[in-house]
Every structure is written in structure tokens, then in C-alpha cells.
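**Student:** Got a predicted model here, sequence first, then my questions.
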Amino acid sequence: MARSASETTTQTPTEGAQTPKIRWDTSNIKSSYANVCNVTSTREEVVLNFGVNKAWERSAREVEIELTNRLILSPFAAKRLTQLLGKLMDEYEGRYGKLETEPSAQTGRGNGGG
């Protein structure tokens, strides 16, 4: 059973000052699966559209992607997300091995990324 909230305390590397306690309220969180992400931007925002590619045939002439979620971030939040995801993927690959994202490196299983 998932908790409705959790707490995390961290220390900043400069001056040893303690940051405020962060309480993650997950009582209204919703989970969605996505195997496709499309990103666009303007000067003021970065838009991430998430969805599902339900076509498993690689030779299909047309593929319909069902978009299910949209996140709109400021460029600053998008930059921080980029850094967090980069660190996460470095740790993941350190544990499980390098992920190949180029089509020639895939083993034939549908990867649906985008």
C-alpha cells in the first residue's frame, strides 16, 4: 500500500546549511504509462506531451499515437529536470548496463520510445 506522503531532509553543499524539510504529498497523484514523449518549446515554456504508441508493426505506413498527458514547465524547471534525468540514467546504466537508443542497436523488441 502506498503512503500518502513522505519526508526528505537534505543538506546543501555550501556552508553546511540545512535546507527546509520537503513533504511530498502524494494523496492526489495519478500514474500513467507512456512509451512516447514529444517536446516543444517557446521562450517562456517547455511542453512535454506523453502518450502511447499502440502500433507494434514496424512496417506500418502510418502510426497513431494516443497522447494522454501534457506537462508544461518553465525553461528553468526543464533544465533542472534534464540534469536530474541525466544523473538518474547514469546511475541506471552503472547498475544495469548501457542502454542503446539507436534503431540499429535494438534487438527487435518493440521499444516505442520517441
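**Tutor:** It's in.
**Student:** From the centroid of the chain, which residue is nearest?
**Tutor:** Note on the chain: the residue nearest the mean C-alpha position is residue 85, at 6.9 Å, using CA atoms, centre = their mean.
**Student:** and the helix or strand where it lies, which residues are buried?
**Tutor:** Taking DSSP states H and E as the definition, residue 85 sits inside helix 75-96. Neighbour counts over helix 75-96 (16 or more other CB atoms under 10 Å) mark residue 78 as buried. Where you see a C-beta, it was placed from the backbone N, CA and C, and this is true even at glycine.
**Student:** what's it packed up against?
**Tutor:** On a contact count with 3 or more CB pairs under 8 Å, 6 or more residues apart in numbering; DSSP states H and E, helix 75-96 meets strand 46-53.
**Student:** can you tell me how far residue 92 sits from residue 34?
**Tutor:** With distances taken as CB to CB, to the nearest Å, residue 92 is found 17 Å from residue 34.
**Student:** ditto for residue 78
**Tutor:** Distance, residue 78 to residue 34, by CB to CB: 17 Å.
**Student:** next one: residue 42
**Tutor:** Between residue 42 and residue 34 the computed distance is 22 Å (CB to CB).
**Student:** who's more crowded, the two?
**Tutor:** Using other CB atoms under 10 Å, the more surrounded residue of residue 42 and residue 34 is residue 34, with 19 against 8.
**Student:** Please name the nearest non-neighbouring residue to the more buried one.
**Tutor:** Once flanking residues are discounted, residue 34 sits nearest to residue 50: 3.8 Å by CB to CB, 6 or more residues apart in numbering.
**Student:** what stretches of the chain score poorly on pLDDT?
**Tutor:** For the chain, residues meeting the criterion pLDDT under 70 lie at 1-16, 104-114.
**Student:** How are the strands of this protein distributed by residue range?
**Tutor:** Along the chain, counting by DSSP state E, strands occupy 5-8, 22-25, 36-41, 46-53, 65-73.
**Student:** Nearest to residue 99, out of those?
**Tutor:** strand 36-41 (15.1 Å; CB to CB).
**Student:** Just want the angle from the closest one to strand 46-53.
**Tutor:** For strand 36-41 against strand 46-53, the angle by axes from the mean of the first three to the mean of the last three CA atoms, to 10 degrees is 160 degrees.
**Student:** Thanks a lot, catch you later.
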